[in-house]
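[1] Sequence and computational prediction follow.
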Amino acid sequence: MDIRGASALVTGGASGLGLATARRLAAAGAAVTIIDLPNSAGPERAAELGGAFAAADVTSPEQVAAAVQTAAASGPLRVVVNCAGIAPPAKVLDREGAPSPLDAFERIIRVNLIGTYNVISQAAAVMSRTEPDAGSGDRGVIVSTASVAAFDGQIGQPAYSASKGGVHAMTLPIARELARYRIRVLTIAPGIMETPMLAGLPQAAQDSLGEQVPYPARLGRPDEYAQLVMSIVENGYLNGETIRLDGAIRMAPR
């Protein structure tokens, strides 16, 4: 699919995986709209790319719908990438053996799973009315972000694993539904990546995490995620799948 002159929407695009993806898409000729929170570096990053910034909470249908319209104003909406997410640890029981607050579990599900679904639904409504790409026949492609925690969840990750497992689980049924509109739907499940979530750890801790990866024994790089997004965009036979990007790691219980 040729995305030159088309528009692309990236949630969580102000940093980490989202920013790397936004940069790759812009370099390929797409007009990129970044969705992120109002207090993020989104306006600056969008200006660097010659794109647009839409301040939005991914769990808000109204805010996301407005952001999708912002993206569609720049050209036919061809690419949507869901990178927005949170990963606070939350065990089932606290240190005293009492149930952890339910609202902590609900918040992670709401942002990571419901937020992803919200963006998919709002974007698909616009993408389904877009003229197909002349070369490929595709109207567009939607890429979401799960995690290896969807399959190898660790202690302290029940909410995060459930949210990312949900993203993985809904990929195929949504791909099947949107096939009639010529929209492809895929998910990437990254392993341990160099993102702002890990940047605050001491270098020794980051090196230790990287050494757990079979090969290459290091943290994944945001641009490697972005490179996979571009491969998905370009390969029209990829659809309905979750692709692990993890150096063959299988996470230990803790």
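    Sure thing, it's come through. Keep in mind it's a predicted model, so treat the numbers as computed, not measured.
[2] leaving aside the residues next to it on the chain, what's closest to residue 217?
    Sequence neighbours aside, residue 211 is the residue nearest to residue 217 in space, at 5.4 Å (criterion: CB to CB, 6 or more residues apart in numbering). Heads up, the C-betas are built off the backbone N, CA and C, glycines and all.
[3] ok, and for stretch 102-117, which residues are buried?
    Within stretch 102-117, the residues that qualify as buried by neighbour count (16 or more other CB atoms under 10 Å) are 105, 107-108, 110-113, 115-117.
[4] didn't residue 40 look like it was pressed against residue 18?
    No: under the contact definition of CB atoms under 8 Å, residue 40 does not touch residue 18, with a separation of 10.0 Å.
[5] If you count surrounding residues, which of those two has more?
    Legend: neighbour count by other CB atoms under 10 Å for residue 40 and residue 18, higher for residue 18 (28 against 17).
[6] and the buried residues of stretch 102-117, which of them are in strands?
    Assigned to strands by DSSP state E, none of those qualify.
[7] need those in a markdown table with distance to residue 178 and pLDDT, can you?
    What follows is the buried residues of stretch 102-117, written out as a markdown table (distance: CB to CB, whole Å; pLDDT from 0 to 100):
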| residue | distance to residue 178 | pLDDT |
| --- | --- | --- |
| 105 | 29 | 96 |
| 107 | 28 | 97 |
| 108 | 26 | 97 |
| 110 | 23 | 98 |
| 111 | 23 | 98 |
| 112 | 21 | 98 |
| 113 | 18 | 98 |
| 115 | 18 | 98 |
| 116 | 14 | 98 |
| 117 | 13 | 98 |
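[8] contacting residues around the lowest-mean-pLDDT helix or strand in the chain?
    Using mean pLDDT, DSSP states H and E, helix 196-199 stands out as the lowest-scoring helix or strand of the chain, at a mean of 74. Under the criterion CB atoms under 8 Å, 6 or more residues apart in numbering, residues 15-16, 87, 192, 206, 209, 219 lie in contact with helix 196-199.
[9] Equivalent analysis for stretch 117-133, please.
    Outside of stretch 117-133, the residues within contact range by CB under 8 Å, 6+ apart are 1-2, 6, 9, 11, 35, 58-61, 64-65, 68-69, 72, 76-78, 80, 82, 84, 138-140, 142, 144, 170, 174, 178, 181-183, 185.
[10] Go through that stretch and flag the buried ones.
    Counting neighbours by 16+ other CB under 10 Å, one finds that the buried residues in stretch 117-133 are 117-120, 122-124, 126-127, 130, 132-133.
[11] Shouldn't residue 184 be within a helix?
    No: the assignment for residue 184, made by DSSP: H, G, I helix; E, B strand; the rest coil, is strand rather than a helix.
[12] Relative to residue 178, how far out is it?
    In this view, residue 184 and residue 178 are 8 Å apart by CB to CB, to the nearest Å.
[13] so what sits against both of the two?
    Where contact means CB under 8 Å, 6+ apart, the residues bridging residue 184 and residue 178 through contact with each are residue 142.
[14] So for these two, which sits in the more crowded spot?
    When neighbours are counted by other CB under 10 Å, residue 184 comes out ahead of the other of residue 184 and residue 178, with 25 against 22.
[15] just checking, residue 249 touches residue 151?
    No: counting by CB under 8 Å, no contact exists between residue 249 and residue 151, whose distance comes to 10.8 Å.
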